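> All I have is the shape, not the residue letters:
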């Protein structure tokens, strides 16, 4: 068994360790993406539960309640955009060498990821609560669809502000 382990270990090519700054930038990108993805998954699940109950009783409302279910999904897109922006602004995408990124720079990127990450997860979950109420209202009176969508979309404003602040912080990093 030791022979196999030694053979495998000898075939692994070790390169220089990544600087802490680079690791922090990767953590920043992962954080923004995951917070958006988790918030959207939870939000779409919660609203989808209500929507499936409505479609069991009134299948003709499927399209309307599907729109309501999709609303909390946008925060996942914002998280993905945020992760891409972090990797792009940091120079990691397409970089030939990552060894020049300092720990201080990595910390700046980590701090810049917080507004988007936090607002994405919270607004998606809270938006799903509004969207779920909207689904219930649509079940009672489907002429309320537009109003339900607008009310649910209002909380998304905070995720957009989170993305904006993260973007402003990213372009401020030197």
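Thanks, I have it. The shown structure was predicted, so the numbers you read here are calculated from the model rather than taken from an experiment.

> Can you list the buried residues in stretch 150-159?
Burial within stretch 150-159, assessed by neighbour count using 16 or more other C-beta atoms under 10 Å, is assigned to 151, 152, 155, 156, 158, 159. (Glycine included, C-beta is placed from N, CA and C.)

> Looking at those residues, spot the one nearest residue 80.
residue 159 (12.4 Å; C-beta to C-beta).

> Which of the three states applies to residue 95?
Counting by DSSP: H, G, I helix; E, B strand; the rest coil, the backbone at residue 95 sits in coil.

> Now tabulate the buried residues of stretch 150-159 in a markdown table and tack on distance to residue 168 and pLDDT.
Shown next, in a markdown table, are the buried residues of stretch 150-159 (distance: C-beta to C-beta, whole Å; pLDDT from 0 to 100):
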| residue | distance to residue 168 | pLDDT |
| --- | --- | --- |
| 151 | 28 | 94 |
| 152 | 26 | 94 |
| 155 | 21 | 94 |
| 156 | 19 | 93 |
| 158 | 15 | 95 |
| 159 | 15 | 95 |
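
> Helices - which of those land there?
151, 152, 156, 158, 159 (DSSP state H).

> Residue 108: which of these is nearest?
Looking across these and measuring by C-beta to C-beta, the closest to residue 108 is residue 159, at 21.8 Å.

> And that closest one, how close does it get to residue 18?
30 Å (C-beta to C-beta, to the nearest Å).

> What of residue 172?
Residue 172 sits 24 Å away from residue 18 when distances are taken as C-beta to C-beta.

> Kindly report the same for residue 122.
Going from residue 122 to residue 18 by C-beta to C-beta gives 31 Å.

> more neighbours, the two?
residue 122 (17 against 13; other C-beta atoms under 10 Å).

> Tell me who's in contact with the more buried one.
If you count contacts by C-beta atoms under 8 Å, 6 or more residues apart in numbering, residue 122 has them with 39, 158.

> now swap in residue 40 and tell me
72, 73, 74, 75, 76, 79, 120, 124.

> where's it relative to residue 57, distance?
From residue 40 over to residue 57 (counting by C-beta to C-beta), the distance is 26 Å.

> Same question for residue 174.
58 Å.

> More neighbours: the two, which one.
Ranked by neighbour count (other C-beta under 10 Å), residue 174 and residue 57 place residue 57 first, with 8 against 4.

> still on that earlier bit, next, format the buried residues of stretch 150-159 as TSV and append distance to residue 28.
Shown next, in TSV, are these (distance: C-beta to C-beta, whole Å):
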residue	distance to residue 28
151	33
152	29
155	24
156	22
158	20
159	17
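
> Find the nearest non-adjacent residue to residue 87, please.
residue 93 (4.9 Å; C-beta to C-beta, 6 or more residues apart in numbering).
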